[in-house]
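Student: sequence-free structure coming up:
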C-alpha cells in the first residue's frame, strides 16, 4: 500500500481557502510514508459542504529539510497527514 | 491576485514559545456539556470538526489568548448552529437573556 | 515539569471525585459567565427545536467520562503480551481497539511503535486533535501554545522538560495530527516489567507514554 520512496513536493497553497497543512511543511520535499485512503475534503467540510472524497497521505519530512540549521537533529523526522491534491511529485 | 505565503495565527508549529507549564484541570460540567454539544451536533450533521476549527481560526489570535478552550468552543458551536440554520442569533440572544435572568450562578441558571 | 497520572479507579457519577481522582469544582456555585449562559441557552434551544435530547447529552457525557488513559493502557498491555494482537494493532489500531470492546466511535486510530531505534511523540500543531475516544480528553498542556509550537521543532528539548532524555542515536519521530487520523504511541515494554501479567502491565502504562512525552513506569 505504501510507496515509501516516492517523493512529494507541496504546491503553494495560496489559492486554497482552508489550507490545513502547516506552513512549515509547505514547499518542502518529503516522502510518502503511507496512503491512508479517501476522506472528506476539509476545504469543503469546513463550510459543511460535501463533495467527492480526496485521498489522504502521510508524508515524512526530515527535520533538516524543514528547519535547516534550526533543526535540533537533522535526521529526526516530522510526519504529517496531507491531502494528495495539495502535493505534486518532484 | 497576490499569492499568500504567510501563515495564519493558528499554524503554530515552529513558533517561539516559552516553557510548557503542567496545566491540567478537571473539566467542569458546563465544559463537558459543550464537548457533548459538539459531538452530538456533528453527528446530527449540523457541523463538522473542520467547521468547528474554521470558526475557531477565524476568531483570531486574541480569542486564543483571552478565552478558555471551551469558551472558544461554545462560541464556535453557536456560530456553526446559526450558519446551519438551527438557531438564529436573535433566538440565542433572547434565550441567553432569559437564562441570565434566572439567577447569578450556573446552578441557579440551569 | 508536567506530571503524569496512573489512572485511578473509575467513578461514573458526576458528583464526588472525577475519573482522575480529583474533586469536581463546585461549578454550580460560581458566578454565571457569559459563555456558560451561552452553553445553557444553546443546549436548551437545540433541545426545544428537536435537534437533540437531554438524554443524549447525558449519555454522551457518560461516554466521554468512561474514556480514559486506562483504556489505552489496556490496549498497550495486551500488545506487550500478545504478539498477534500487537501485529493487528499496528496494522489497524482502530479495529484492534474495538475488538477489545472499546467503543471508539468513528475515530481513525494509528498506533506508533517505539523501538530501540525510534521514539514517537504526538502533537497537533494546528489545533488540539487527540485520540480522545480511547484516552479521554487531552490535558491542557497538550493544547497549549508552547507544546504546539515547540514539539515539531525541538522535540528533544520538550521531552527533556518532561523528564525524558533520549540517546542521540535514537530517531525521534514527531507526528502532527493534521487531518483525520489520531495517534497513540505503543511504548516499548520496560525490561523490569517482563513476566508480569497483562493486568499488572496495564498499571505501568501512563497517559504521557501513550502521547510520547514519557515512558512507562512502575506504579507508585
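Tutor: It's in. Keep in mind that what you see is a predicted model, and the values were worked out from it rather than measured.
Student: So for the residue nearest in space to the middle of chain A, what's the pLDDT?
Tutor: The centroid of chain A falls nearest to residue A:82 when counting by C-alpha atoms, centre = their mean (3.1 Å). In this model, residue A:82 is scored at 88, pLDDT.
Student: Could you verify my assumption that it touches residue C:178?
Tutor: Yes - contact criterion C-beta atoms under 8 Å: residue A:82 and residue C:178 qualify, at 6.9 Å. C-beta coordinates here come from the backbone N, C-alpha and C atoms, glycine included.
Student: need the contact list for residue 60.
Tutor: Just so you know, I chose chain A. Residue A:60 is in contact with A:30, A:31, A:32, A:33, A:77, A:78, A:79, C:173, counting by C-beta atoms under 8 Å, 6 or more residues apart in numbering or on different chains.
Student: hmm, I had chain C in mind actually
Tutor: Residue C:60 touches B:35, B:36, B:39, B:40, counting by C-beta under 8 Å, 6+ apart.
Student: Residue C:213 too?
Tutor: Residue C:213 makes contact with C:2, C:121, C:158, C:159, C:162, C:164, according to C-beta under 8 Å, 6+ apart.
Student: would you turn those into TSV with pLDDT, neighbour count and secondary structure?
Tutor: As requested, the contacts of residue C:213 are exported to TSV (pLDDT from 0 to 100; neighbours: other C-beta atoms under 10 Å in any protein chain shown; DSSP: H, G, I helix; E, B strand; the rest coil):
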residue	pLDDT	neighbour count	secondary structure
C:2	51	19	coil
C:121	98	25	strand
C:158	97	25	helix
C:159	97	20	helix
C:162	96	22	coil
C:164	97	17	coil
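Student: Format the residues you listed as JSON lines; extra columns: distance to chain B.
Tutor: Formatted as JSON lines, those follow (distance: C-beta to the nearest C-beta, whole Å):
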{"residue": "C:2", "distance to chain B": "4"}
{"residue": "C:121", "distance to chain B": "12"}
{"residue": "C:158", "distance to chain B": "7"}
{"residue": "C:159", "distance to chain B": "10"}
{"residue": "C:162", "distance to chain B": "8"}
{"residue": "C:164", "distance to chain B": "13"}
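Student: can you name the two of those residues that are farthest apart?
Tutor: The span of the contacts of residue C:213, defined through C-beta to C-beta, is set by C:2 and C:121 at 13.4 Å.
Student: residues near the residue of chain B found nearest chain C, how many?
Tutor: With C-beta to the nearest C-beta, the shortest gap between chain B and chain C falls at residue B:107, namely 3.1 Å. Residues near residue B:107, counting by other C-beta atoms under 10 Å in any protein chain shown, number 15.
Student: Output the set of residues of chain C in proximity to chain A.
Tutor: With the criterion set to C-beta under 8 Å from any C-beta of the partner chain, chain C comes near chain A through C:108, C:125-126, C:152-157, C:168, C:171-181.
Student: mind checking how far the worst-scoring helix or strand of chain B on mean pLDDT is from the chain centre?
Tutor: For chain B, the helix or strand with the lowest mean confidence is helix B:49-66, at a mean of 91 (criterion: mean pLDDT, DSSP states H and E). Once both centres are worked out by C-alpha atoms, centre = their mean, to the nearest Å, helix B:49-66 turns out to sit 7 Å from its chain's centre.
Student: List the contacts of the helix or strand following it.
Tutor: Using DSSP states H and E, the helix or strand that follows helix B:49-66 towards the C-terminus is helix B:69-83. For helix B:69-83, the external contacting residues (C-beta under 8 Å, 6+ apart) are A:48, B:27, B:30-31, B:34-35, B:37-38, B:41, B:46-47, B:51-52, B:55-56, B:59, B:63-64, B:67, B:87-89, B:92, C:33, C:35, C:38-39, C:42, C:46, C:128, C:140, C:143.
Student: how does it look with 7 Å?
Tutor: With C-beta atoms under 7 Å, 6 or more residues apart in numbering or on different chains as the test, helix B:69-83 has contacts from B:31, B:34, B:37-38, B:41, B:46-47, B:51-52, B:55-56, B:59, B:63, B:87-89, B:92, C:35, C:38-39, C:42, C:143.
Student: Enumerate every residue touching residue C:144.
Tutor: B:20, B:23.
Student: tally of neighbours for the residue nearest to residue B:103 when sequence neighbours are not counted?
Tutor: In this structure, residue B:103 finds its nearest non-sequential neighbour in residue B:109, 5.1 Å apart by C-beta to C-beta, 6 or more residues apart in numbering or on different chains. Close neighbours of residue B:109, defined as other C-beta under 10 Å, add up to 19.
Student: Can you give me the distance of residue B:109 to residue C:106?
Tutor: 34 Å (C-beta to C-beta, to the nearest Å).
Student: Tell me which residues of the helix or strand where residue A:38 lies come out buried.
Tutor: Element membership of residue A:38 [criterion: DSSP H and E] is strand A:29-39. Buried residues in strand A:29-39, defined by neighbour count with 16 or more other C-beta atoms under 10 Å in any protein chain shown: A:30, A:31, A:32, A:33, A:34, A:36, A:39.
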